[in-house]
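A.B. asks: build me a structure from this.
(2 chains)
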Amino acid sequence: MTATHASSRVEDPAGRDGGTAKVPAAAPRRPALRGRALRTTGFHLTAGLLSALWLLPIALVLVTSTRTFDDIAAHGVGSWPHSFTFDSFRQAWVDGGQQRALINSMLVTIPTVALSLGLASMAAFALSRYDLPFRRVLLLLMLGGNLLPPQILLIPVSKLSEVLGIYDQLYALIGVQVGFGVGFYVFVLHGFMRSIPGEIQQAAVIDGAGPWQIYWRIILPLARPALAALTALSFTWIFNDLLWAITVLRTDSQMPITASLIGLQGQYVSMWNVIAAGSVIAAAPTVAVFLRFQRHFVAGLNLGAVK
Amino acid sequence: MALIGSTRRSRATRVPPVVLAFVLIPLLAEAFWVFWPALQGFYLSLTSWDGLGAPKFVGLGNFSEMLHDEVFRTAAINTVLWLLLFGGLSAGLGLGAALLLQQERRGIGFYRAALFLPVVFSLVATALVWQAMYQPDGLINNVLEAVGLGSWKHAWLADQDTAFYAVIVPALWRQVGYVMVLYLAGLKGIDPALYEAAKVDGATPLQQFRHITLPQLRSVNAVVLSVIVIDSLRSFDVVWALTRGGPYHSSELLSTYMYSTAFQSLRLGYGSALAVVIFVLAFGVIASYLVRAFREAD
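C.D. replies: Numbers count the residues shown, from 1 in each chain, chains lettered A, B, ... in the order given. Below you'll find the model as predicted:
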């Protein structure tokens, strides 16, 4: 279902010259034509089969979420549906605590994205537009922090948040997510800002603009494409995180949606309709971001990777 | 390139204090939540600690204990196997999908989106979706039954022999689309003139792939390799949601073992030592990634 929507909006992830580079017009001889038609059919068969295989689990979870428990108990979770209801969504949302969990996720994700991109863009601006001493070392130090395996940080971070008195509070999660993510965003934004021509900045300096104005009024607006890409990307990363959440949070009512989904799995053992509904709820925001900002999202994945 | 020169000249020789603050505030945030904890992590790996009293220094005791720890051995072997299988298959399948879907033609957007959609799912949701498929009365067993392979039916996640592989499949399902995007971008960057020249010389598609596509993708391969190694060593969510490393540690990875040792058995020193092992495994990739970034940074 989701995929049908996707089809109409999806854009070529890799570039803009869609459909121009084509096979040189073949001489209109019949065998050649038939060969091409055959190849096209073959392509669509292969690609179609692959897509169907990829979409099957998603279709299955959508179907399962609208079945009744009695239906699943009687026919098995892998059977054709014999019922239709939205009751499982209510169960997951209200009784399963997913409403609370979704709010928690948003309370963490939105400030974290804003804060980490704000801080990262400032650092990237300074490092890319000014001759700071050790700028390359600083840049790589920050990137290196993001590349560390998080496991080495888990125990100290949980102790640190205890010492600060914010253990089991969403602030702790926001803090560590910002600290851990900022290095990567600085690296990507630095690469982008470096390519902005210096004349623009010079003109502003002549007009008497200070560093803050140059940052806020000139560089930041010019960096919008990279910021949009990183926003889409970091939203899904932070929203989907499990490890940091279960490291610094303990109480069920504080847990974000991913951790709550695991709780749901324990609470509603073999009630696949509720678990499926919970998965749909947990996936909906990121799928929505993906469908809305697909181009940025895909661009974001390539940022910092392929140059 | 003249632009870069003028950028250089435009930089003030004296850095305004506000610009210093621009770097220092984010750097402090990262130092506080990452660098300082990381140093503590390395120190804790040399201690024995239950989290309550003071950590007791034991030198390399934790590491020598690993030599006799059966579960550690399983987890380490599984992690390497995960790297090879998950990494190799996602790179291979991602490249295959990119080659298949690189040409612009009708419907290509739909196919790409279908393969790409799982990338935005959380691994926990992904894991639960697949858990339903793996159930004894789930879709996979039903399909096996329907095509006459009823004897292959299995409690996939409950069987020590299959749990590990059953956990890899959802992770792959989600990763392939990501690798595909990286390769699609790489393929796009190859100069079409190279293929034209090869065709004139009478190269077969296989020869073109072998002598043009693969060498031209070298820098993308390096990126894919780093992404895969780092992702593999970080892999946690999907295993935790599906099996918690069980049954009998058969799907245990170093990351899940580290987490349960630290936060369930409360052996914080030993858990830290396991984290150091993960770091050591990742170190080569981190270092080479940074060297590449260093060269590009100017």
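
A.B. asks: list the contacts of the residue positioned nearest the centre of chain B.
C.D. replies: Central residue of chain B (CA atoms, centre = their mean): B:Asp231, 1.4 Å from the mean position. Applying CB atoms under 8 Å, 6 or more residues apart in numbering or on different chains to B:Asp231 gives the contacts B:Gln175. Where C-beta positions appear, they are placed from N, C-alpha and C, glycine not excepted.

A.B. asks: part of a helix, is it?
C.D. replies: Yes - judged by DSSP: H, G, I helix; E, B strand; the rest coil, B:Asp231 forms part of a helix.

A.B. asks: in the stretch 1-150 of chain A, what residue lies closest to chain B?
C.D. replies: For the stretch 1-150 of chain A and chain B, the shortest gap (CB to the nearest CB) falls at A:Gly76, measuring 3.2 Å.

A.B. asks: what's the closest non-adjacent residue to that residue?
C.D. replies: B:Asp137 (3.2 Å; CB to CB, 6 or more residues apart in numbering or on different chains).

A.B. asks: need the contact list for the one you found.
C.D. replies: B:Asp137 neighbours (CB under 8 Å, 6+ apart): A:76-79.

A.B. asks: can you say which of the residues you listed are buried?
C.D. replies: Buried by 16 or more other CB atoms under 10 Å in any protein chain shown: A:76-78, out of the contacts of B:Asp137.

A.B. asks: tabulate those residues (TSV), appending secondary structure and pLDDT.
C.D. replies: TSV is the format used below for the buried ones among the contacts of B:Asp137 (DSSP: H, G, I helix; E, B strand; the rest coil; pLDDT from 0 to 100):
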residue	secondary structure	pLDDT
A:Gly76	coil	83
A:Val77	coil	84
A:Gly78	coil	80
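
A.B. asks: which one among those residues gets closest to A:Ser116?
C.D. replies: Looking at the buried ones among the contacts of B:Asp137 and their distance to A:Ser116, the nearest is A:Val77, at 39.4 Å (CB to CB).

A.B. asks: give me the phi and psi for that closest one.
C.D. replies: The phi and psi values for A:Val77, taken as degrees, to the nearest 10, are phi -70, psi -20.

A.B. asks: that one contacts B:Tyr134, doesn't it?
C.D. replies: No - look at A:Val77 against B:Tyr134 with CB atoms under 8 Å: they stay out of range, at 9.8 Å.

A.B. asks: quick check: the residue nearest the centre of chain A vs chain B, distance?
C.D. replies: The centroid of chain A falls nearest to A:Thr236 when counting by CA atoms, centre = their mean (2.3 Å). Using CB to the nearest CB, to the nearest Å, A:Thr236 is found at 5 Å from chain B.

A.B. asks: just the helices from the stretch 1-150 of chain A, written as ranges.
C.D. replies: A:2-9, A:30-65, A:69-75, A:87-90, A:98-129, A:135-147 (DSSP state H, counting those that start in this stretch).

A.B. asks: picking that back up, need the contacts of B:Asp137 in TSV (columns: distance to B:Asn221).
C.D. replies: Below are those laid out as TSV (distance: CB to CB, whole Å):
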residue	distance to B:Asn221
A:Gly76	44
A:Val77	40
A:Gly78	39
A:Ser79	44
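
A.B. asks: where does chain B get nearest to chain A, residue-wise?
C.D. replies: Counting by CB to the nearest CB, chain B gets nearest chain A through B:Trp33, at 2.6 Å.

A.B. asks: count of residues packed around the nearest residue to that residue once chain neighbours are set aside?
C.D. replies: Excluding the flanking residues, the one nearest B:Trp33 by CB to CB, 6+ apart is A:Gly179, at 2.6 Å. Neighbours of A:Gly179 under the rule other CB atoms under 10 Å in any protein chain shown: 26.

A.B. asks: packing partners of the helix or strand hosting A:Gly179?
C.D. replies: Per DSSP states H and E: A:Gly179 is located in helix A:170-194. Applying 3 or more CB pairs under 8 Å, 6 or more residues apart in numbering or on different chains; DSSP states H and E, one finds that helix A:170-194 makes contact with helix A:98-129, helix A:135-147, helix A:151-163, helix A:224-240, helix A:243-248, helix B:17-30.

A.B. asks: does chain B sit close to the helix or strand following it?
C.D. replies: Once helix A:170-194 ends, the next helix or strand along the chain (criterion: DSSP H and E) is helix A:198-206. Yes - against chain B, helix A:198-206 shows contacts by CB under 8 Å from any CB of the partner chain at A:198-199, A:201-202, A:205.

A.B. asks: again, but for stretch A:41-55
C.D. replies: Yes - contact of stretch A:41-55 with chain B (CB under 8 Å from any CB) involves A:43-44, A:46-48, A:50-52, A:54-55.

A.B. asks: now do the contacts for B:Gly284.
C.D. replies: Contacts for B:Gly284 (CB under 8 Å, 6+ apart) come out as none.

A.B. asks: oops, could you answer that again for B:Phe35 instead?
C.D. replies: Contacts of B:Phe35 by CB under 8 Å, 6+ apart are A:Gly145.

A.B. asks: ok but it is inside a helix, no?
C.D. replies: Yes - counting by three-state DSSP, B:Phe35 is located in a helix.

A.B. asks: need phi/psi at A:Phe293.
C.D. replies: The phi/psi pair for A:Phe293 (degrees, to the nearest 10) is phi -120, psi 30.

A.B. asks: my guess is A:Leu139 meets A:Leu127, correct?
C.D. replies: Yes - counting by CB under 8 Å, A:Leu139 touches A:Leu127, with 5.5 Å between them.

A.B. asks: common neighbours of the two, please.
C.D. replies: A:186, A:190.

A.B. asks: what about the residue nearest to A:Gly76, which SS state?
C.D. replies: Quick answer, by three-state DSSP: B:Asp137 is coil.

A.B. asks: show the contacting residues for residue 200.
C.D. replies: Because you didn't say which chain, this covers chain A. A:Ile200 sits in contact with A:218, A:222, where contact means CB under 8 Å, 6+ apart.

A.B. asks: sorry, I should have been clearer: chain B.
C.D. replies: B:Val200 neighbours (CB under 8 Å, 6+ apart): none.

A.B. asks: how close does it sit to B:Leu214?
C.D. replies: With distances taken as CB to CB, to the nearest Å, B:Val200 is found 20 Å from B:Leu214.

A.B. asks: pLDDT wise, what is the closest residue to chain B within the stretch 101-250 of chain A at?
C.D. replies: Relative to chain B, the nearest point of the stretch 101-250 of chain A is A:Gly179 (2.6 Å; CB to the nearest CB). pLDDT for A:Gly179: 96.

A.B. asks: OK, contacts around the closest residue to B:Gly61 other than its chain neighbours?
C.D. replies: The shortest distance from B:Gly61 to any non-neighbouring residue, by CB to CB, 6+ apart, is to B:Ser48 (7.0 Å). Residues near B:Ser48 by CB under 8 Å, 6+ apart: B:55-56, B:58, B:61-62, B:267, B:269-270.

A.B. asks: take these and keep only those in helices.
C.D. replies: Judged by DSSP state H, the subset of the contacts of B:Ser48 located in helices is B:61-62, B:269-270.

A.B. asks: adding neighbour count and pLDDT, write those residues out as a markdown table.
C.D. replies: Output for the ones in helices among the contacts of B:Ser48, formatted as a markdown table (neighbours: other CB atoms under 10 Å in any protein chain shown; pLDDT from 0 to 100):
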| residue | neighbour count | pLDDT |
| --- | --- | --- |
| B:Gly61 | 15 | 90 |
| B:Asn62 | 23 | 93 |
| B:Gly269 | 25 | 95 |
| B:Tyr270 | 27 | 95 |
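
A.B. asks: out of these, which comes closest to A:Val248?
C.D. replies: So of these, ranked by how close each gets to A:Val248 (CB to CB), first place is B:Gly269, at 19.9 Å.

A.B. asks: the closest one contacts B:Tyr43, doesn't it?
C.D. replies: No - using CB under 8 Å, B:Gly269 is not in contact with B:Tyr43, being 9.8 Å away.
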